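Enquirer: Make a model of this:
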Amino acid sequence: MASEKPQDLMVTCTAPVNIAVIKYWGKRDEALILPINSSLSVTLHQDQLKTTTTVAISKDFTEDRIWLNGREEDVGQPRLQACLRETRRSWELRAQTPESQLCLLGNLVSHKVGRTLQAELCSTLTLAPASVSPAVPSAYALAQAYGVEGDLSEVARQGSGSACRSLYGGFVEWQMGEQADGKDSIARQIAPEWHWPQLRVLILVVSADKKQTGSTVGMQTSVKTSALLKFRAESVVPERMKEMTRCIQEQDFQGFAQLTMKDSNQFHATCLDTFPPISYLNDTSRRIIQLVHRFNTHHGQTKVAYTFDAGPNAVIFTLEDTVAEFVAAVRHSFPPAANGDKFLKGLQVAPVLLSDELKAALAVEPSPGGVQYIIATQVGPGPQVLDNTHDHLLGPDGLPPRDL
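Expert: Numbering: from 1, shown residues only. Predicted structure coming up:
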C-alpha cells in the first residue's frame, strides 16, 4: 500500500493519440513486439484527445499500483509489466555508470541501485474512443519519472506496439527494423506538427463497445493464416511507405488521401483473408465509406479520406476548407438521435447548408444515431511534461482523490 509520507518523486505527462495511415498488423516477434512491416501515423492534437498520466515512485511503496479513470486496474497486465521492467532495466543500467550517480532522481540518489523502486500510476483519457490504449503514455511518463533518457521506442513498444509512434508529434514512421533484438525497430518523425497546417481530422465515433476480436489475437491469427498479409508486408507496404512520406512532405492531399483509403481497405481485406475471418467494420462503417466516395465523386476530386483501425470508428482526413461541408454531410446521413448540440466536439466548425445537388449525390437513407458523435481535431505535438503540481492525478499519499 502507499505510504502516508510525501512522494520521493511525482511526474505528470500528457501523451497524444496517433492514427496510422499505413497500418501495422502482425508481429515477427511477439515477446519484443516487433512488427512484420513498417507503419506511418499522424499524431492528433492533445487539445482534443490525450491521455494524462501521473507516475509517483518511492522507496516507501511496497507494490506497483495503477488506476485508470479513477478505477484501480490489474497491475499484472503483461504489457504494463513489460513497460515497468524495461524502464527499470534502463534506469539500473544508467545508474551503474559513475557519471550518472549524482543525477539520479533527486533525493533518490542515496537509494541503493538494485532495489526496485515501486511505481504508482494514474491515467485519465480525454474524449478518447474505446480503441485508445491507456498504455500509450505509460512509457513516456515512467521514463520521465525514472530519469531514463535517449530513444524510448524499445520501452514504448512493450506497452503497446503503436505507442512508440506517439513519442513524437506530427507525422511519424515506425521502422520495422531487421535486427533480431529489435534495437533498430524505432520511431522517427518525418515531419513536425506545423508542417501541414491545413490538414484536419474528424473522428466519427460509431461505437465505444469492446471489439469481439482483440488486436493481439487478431494479429496472431492473421500472421498464421493470411497469405494476403504476407504479400502486403513484403511487397506492398515498402513502396507505400515511400509514397506516403513523399505525399506528406509535398503536402499532396490527393495522393495522401487515396493512399490512406487504399491501405485501410487492404488492412481490412487481410482481416477477411484471415481464417476464421475477422470483421471490425459494421454497417455504419460501410455507409461512411460509401458517403466518402459519393462526396468525392460529386466534387470530381478526392476531398476527404477515411481510415479504420481495428474497430468500426472512422477517422476522416480532409483540408480546412472542406471540414464544414463534410460535417454537414455526416449530419445529413446520420442525424443525431439525441443531444444534437453535443454531436460535434473539439474544434469549432461553422454550420453550413448542403446543396440540393450534393444531397442528391449522396443518395443515402438517413441512419439516425449511426454516428454517436464527431471529434474535430488537427495534427499536434508529442508528449508534454506538466510543471504545475495541481495537474497531478495522485495526492501526497500516492492515491488518486476520490472525485477523480
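Enquirer: C-alpha from now on. contacts and neighbour counts both.
Expert: Noted.
Enquirer: Report the secondary structure element holding Glu325.
Expert: helix 323-333 (DSSP states H and E).
Enquirer: Could you export that helix as PDB, CA atoms only?
Expert: What follows is helix 323-333, C-alpha atoms only, in PDB (Å, rounded to 0.1, in the frame of the first residue of the first chain):
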ATOM      1  CA  VAL A 323     -14.500  20.400 -43.000                       C
ATOM      2  CA  ALA A 324     -17.800  22.300 -42.600                       C
ATOM      3  CA  GLU A 325     -19.400  20.800 -45.700                       C
ATOM      4  CA  PHE A 326     -18.400  17.200 -44.800                       C
ATOM      5  CA  VAL A 327     -19.600  17.600 -41.200                       C
ATOM      6  CA  ALA A 328     -23.000  18.800 -42.700                       C
ATOM      7  CA  ALA A 329     -23.000  15.700 -45.000                       C
ATOM      8  CA  VAL A 330     -22.400  13.400 -41.900                       C
ATOM      9  CA  ARG A 331     -25.300  15.200 -40.100                       C
ATOM     10  CA  HIS A 332     -27.500  14.700 -43.100                       C
ATOM     11  CA  SER A 333     -26.600  11.000 -43.400                       C
END
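Enquirer: Tell me the strands beside the helix or strand following that helix, with direction?
Expert: Using DSSP H and E, the helix or strand that directly follows helix 323-333 along the chain is strand 344-346. If you go by DSSP bridges, strand 344-346 pairs up with strand 373-378 (parallel).
Enquirer: What lies in contact with the strand it pairs with?
Expert: For strand 373-378, the external contacting residues (Cα atoms under 8 Å, 6 or more residues apart in numbering) are 44-45, 48, 199-206, 336, 342-348.
Enquirer: And for stretch 291-311?
Expert: 20-21, 23, 131, 211, 215, 254, 257-258, 260-261, 264-265, 280-281, 289, 314-319, 322, 358, 361-362, 364.
Enquirer: How is this structure partitioned into domains?
Expert: 9-192+385-391, 199-378 (automatic domain parsing).
Enquirer: Dump these to a markdown table, plus distance to Gly398 and mean neighbour count.
Expert: A markdown table is the format used below for the domains of the chain (distance: least, Cα to Cα, whole Å; neighbours: other Cα atoms under 10 Å):
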| stretch | distance to Gly398 | mean neighbour count |
| --- | --- | --- |
| domain 9-192+385-391 | 7 | 20 |
| domain 199-378 | 30 | 18 |
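Enquirer: mean pLDDT for those domains: which is lowest?
Expert: Lowest mean pLDDT of the domains of the chain: domain 9-192+385-391, a mean of 75.
Enquirer: That one spans what distance, first to last residue?
Expert: 14 Å (Cα to Cα, to the nearest Å).
Enquirer: and if you look at stretch 344-364?
Expert: 21 Å.
Enquirer: which residues are contacting that stretch?
Expert: With contacts defined as Cα under 8 Å, 6+ apart, stretch 344-364 is touched by 47-48, 291, 294-295, 298, 323-325, 328-329, 333, 373-377.
Enquirer: ok, now with 7 Å
Expert: With contact meaning Cα atoms under 7 Å, 6 or more residues apart in numbering, stretch 344-364 is reached by 48, 291, 294-295, 298, 324-325, 328, 333, 373-377.
Enquirer: TSV for these, including distance to Ala305?
Expert: Converted to TSV, the contacts of stretch 344-364 look like this (distance: Cα to Cα, whole Å):
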residue	distance to Ala305
Gln48	20
Leu291	10
Arg294	11
Phe295	10
His298	14
Ala324	15
Glu325	14
Ala328	16
Ser333	17
Tyr373	18
Ile374	15
Ile375	16
Ala376	14
Thr377	15
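Enquirer: Just flag the most distant two among the residues you listed.
Expert: Farthest-apart pair in the contacts of stretch 344-364 is Gln48 and His298; separation 30.5 Å (Cα to Cα).
Enquirer: How about the contacts made by Asp273?
Expert: Asp273 sits in contact with Ser226, Leu228, where contact means Cα under 7 Å, 6+ apart.
Enquirer: mind starting the numbering at 56 from now?
Expert: Okay, residue one is now 56; in that scheme the one you just asked about reads as Asp328.
Enquirer: all strands in the stretch 256-405 of the chain, in order from the N-terminus.
Expert: 359-363, 369-374, 399-401 (DSSP state E, counting those that start in this stretch).
Enquirer: In CSV: these, plus distance to Met296.
Expert: Formatted as CSV, the strands of the stretch 256-405 of the chain follow (distance: least, Cα to Cα, whole Å):
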stretch, distance to Met296
strand 359-363, 16
strand 369-374, 18
strand 399-401, 30
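Enquirer: which residues in the stretch 106-255 of the chain form helices?
Expert: Remark: helices assigned in the stretch 106-255 of the chain by DSSP state H, counting those that start in this stretch are 133-150, 193-201, 208-214.
Enquirer: Please enumerate the strands of the stretch 56-205 of the chain.
Expert: With DSSP E, counting those that start in this stretch as the criterion, the stretch 56-205 of the chain has strands at 64-70, 73-77, 82-84, 89-90, 94-98, 105-113, 120-123, 126-128, 173-181.
Enquirer: Minimum distance to Cys219: which of those strands has it?
Expert: strand 73-77 (9.7 Å).
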